[in-house]
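Student: Prediction below, plus the sequence it came from.
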Amino acid sequence: MEDLSLILWRERELLETLLYKLEIEKLVLASGQTRWLATAAREVEAVLAAVRETELLRAIAADEAAASIGMASNPSLRALAETVDEPWKSILLDHRDAFVTYMRQITEIAAVNRELLTVGQQAARETFLGLVEAPDTYAHDGRAVVDERRARLLDQSI
């Protein structure tokens, strides 16, 4: 059980780090300064890779812990906690509660980040489409008619 608990602590630390990195990504997206967006995204991906590795270690440790107390392989954390005595029962349930909380927070901030990315992508698309010489209407023979007198504004920062 001790090995499993140590791995669970490591996974909790990684989930907290992931939450932090997602928050940084959200701040970069919300600021509109996309210079650091690629860096923020790489950092999120690096933490996700570490989480995946730790999940594999956790699954192996959970199977070993389950086998040591006569349970079937691939137990849930709750099932494992309900089978063992104190203090392990409380420790495992505490880990489970922390994971549920982290996953809820990560899901929420990931949804906000997706929304910010979508809004930013749409704004960029509309800006670039506005720079293209688009036809205002079409003539009866199908050729495009462009109003040459239309004023255009161009943000020099683009």
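Tutor: That came through, no problem.

Student: which other helices and strands contact the helix ranked longest in the chain?
Tutor: Taking residue count as the measure and DSSP state H as the definition, the longest helix of the chain comes out as helix 88-131. With contacts defined as 3 or more C-beta pairs under 8 Å, 6 or more residues apart in numbering; DSSP states H and E, the secondary structure elements packing on helix 88-131 are helix 2-31, helix 77-83. C-beta coordinates here come from the backbone N, C-alpha and C atoms, glycine included.

Student: So what angle separates the directions of it and helix 2-31?
Tutor: With axes from the mean of the first three to the mean of the last three C-alpha atoms, to 10 degrees as the basis, helix 88-131 and helix 2-31 are set at 20 degrees to each other.

Student: ok now helix 88-131, how far from the chain's centre?
Tutor: 5 Å (C-alpha atoms, centre = their mean, to the nearest Å).

Student: Let me know the average pLDDT across that helix.
Tutor: The average pLDDT within helix 88-131 is 83.

Student: I'd like the helices and strands packed on helix 88-131 as TSV, with mean neighbour count appended.
Tutor: Formatted as TSV, the entries for the helices and strands packed on helix 88-131 read as follows, by neighbours: other C-beta atoms under 10 Å:
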stretch	mean neighbour count
helix 2-31	17
helix 77-83	16
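
Student: Nearest to residue 119, out of those helices?
Tutor: Ranking the helices and strands packed on helix 88-131 by proximity to residue 119 (C-beta to C-beta) places helix 2-31 first, at 8.7 Å.

Student: Check which helices and strands whichever helix or strand comes after the closest one sits against.
Tutor: As assigned by DSSP states H and E, the chain's next helix or strand after helix 2-31 is helix 37-68. In terms of contact count using 3+ C-beta pairs under 8 Å, 6+ apart, helix 37-68 is assigned the packing partners helix 2-31, helix 77-83.

Student: could the ones you listed go into CSV alongside mean pLDDT?
Tutor: Formatted as CSV, the entries for the helices and strands packed on helix 37-68 read as follows, by pLDDT from 0 to 100:
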stretch, mean pLDDT
helix 2-31, 94
helix 77-83, 92
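
Student: can you redo those as JSON lines with distance to residue 107?
Tutor: What follows is the helices and strands packed on helix 37-68, written out as JSON lines (distance: least, C-beta to C-beta, whole Å):
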{"stretch": "helix 2-31", "distance to residue 107": "10"}
{"stretch": "helix 77-83", "distance to residue 107": "18"}
